[in-house]
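In: What follows is a protein structure lacking sequence information:
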């Protein structure tokens, strides 16, 4: 449910639709996982520095391909959060953000429902009007509620990247991201590439 995902330092009001998927294939251990979802996101910039944001995974499909396979289809996770920019200048912005991940993905769970919380410090740094750097360091925590085991977990996350804007209506963003200590010393290390297009006004 987006636990540990970095958030921007500068708030804005927007509505968005997000779709994505995941495929894991481990032939040696006869394990596979297929997941896909459709999510609605929104944010509201209150005042010059604050922002409220949230998301709802309106549809989620999850399938495990193992000797004992299972699948589910239905509502996914819900996220609510807030952010506040506590320092800014012409070229630097620093902010705090936090969110709560609610266990609304009822078809995925039995007896225990996980709740997640994360907090982060984010920054945006402009080195040139066409080159910006961004980063976030954060803590994440989750625990289960219900009749099953609580399985409390605590970890850290780090995201850093750059955005190159060769033209006002086009940009390329590259991110490196890592998560540490949540289930292993190094949980995840990955890279992400984004191509961004805009009409320069509303989209």
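Out: Great, that's in hand. Small disclaimer: the values here were computed from a predicted structure and weren't measured.

In: Quote the end-to-end distance of stretch 66-78.
Out: 28 Å (CA to CA, to the nearest Å).

In: Relative to the whole chain's centre, how far out is it?
Out: Mean-position distance between stretch 66-78 and its chain equals 20 Å (CA atoms, centre = their mean, to the nearest Å).

In: can you check stretch 144-158 too?
Out: With CA atoms, centre = their mean, you get 17 Å for stretch 144-158.

In: List of residues touching that stretch?
Out: 4, 6, 103, 110-115, 118, 120, 135-143, 177-183, 187 (CB atoms under 8 Å, 6 or more residues apart in numbering). Heads up, the C-betas are built off the backbone N, CA and C, glycines and all.

In: Break down this protein into its strands, ranges please.
Out: All strands of the chain, identified by DSSP state E, fall at 14-26, 31-46, 50-65, 70-74, 78-88, 92-102, 112-128, 131-146, 153-167, 170-180, 188-197.

In: residue at max distance from the center of the chain?
Out: residue 67 (31.0 Å; CA atoms, centre = their mean).

In: pLDDT score for that one?
Out: pLDDT recorded at residue 67 is 86.

In: From residue 29, how far out is it?
Out: Going from residue 67 to residue 29 by CB to CB, to the nearest Å gives 10 Å.

In: And residue 112, by the same measure?
Out: Plainly put, residue 112 is 24 Å away from residue 29 if you go by CB to CB.

In: follow-up on the earlier one: would you format the strands of the chain as JSON lines with distance to residue 203 and mean neighbour count included?
Out: Formatted as JSON lines, the strands of the chain follow (distance: least, CB to CB, whole Å; neighbours: other CB atoms under 10 Å):
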{"stretch": "strand 14-26", "distance to residue 203": "10", "mean neighbour count": "10"}
{"stretch": "strand 31-46", "distance to residue 203": "15", "mean neighbour count": "16"}
{"stretch": "strand 50-65", "distance to residue 203": "19", "mean neighbour count": "18"}
{"stretch": "strand 70-74", "distance to residue 203": "30", "mean neighbour count": "13"}
{"stretch": "strand 78-88", "distance to residue 203": "22", "mean neighbour count": "17"}
{"stretch": "strand 92-102", "distance to residue 203": "23", "mean neighbour count": "19"}
{"stretch": "strand 112-128", "distance to residue 203": "21", "mean neighbour count": "17"}
{"stretch": "strand 131-146", "distance to residue 203": "20", "mean neighbour count": "17"}
{"stretch": "strand 153-167", "distance to residue 203": "15", "mean neighbour count": "16"}
{"stretch": "strand 170-180", "distance to residue 203": "13", "mean neighbour count": "15"}
{"stretch": "strand 188-197", "distance to residue 203": "8", "mean neighbour count": "10"}
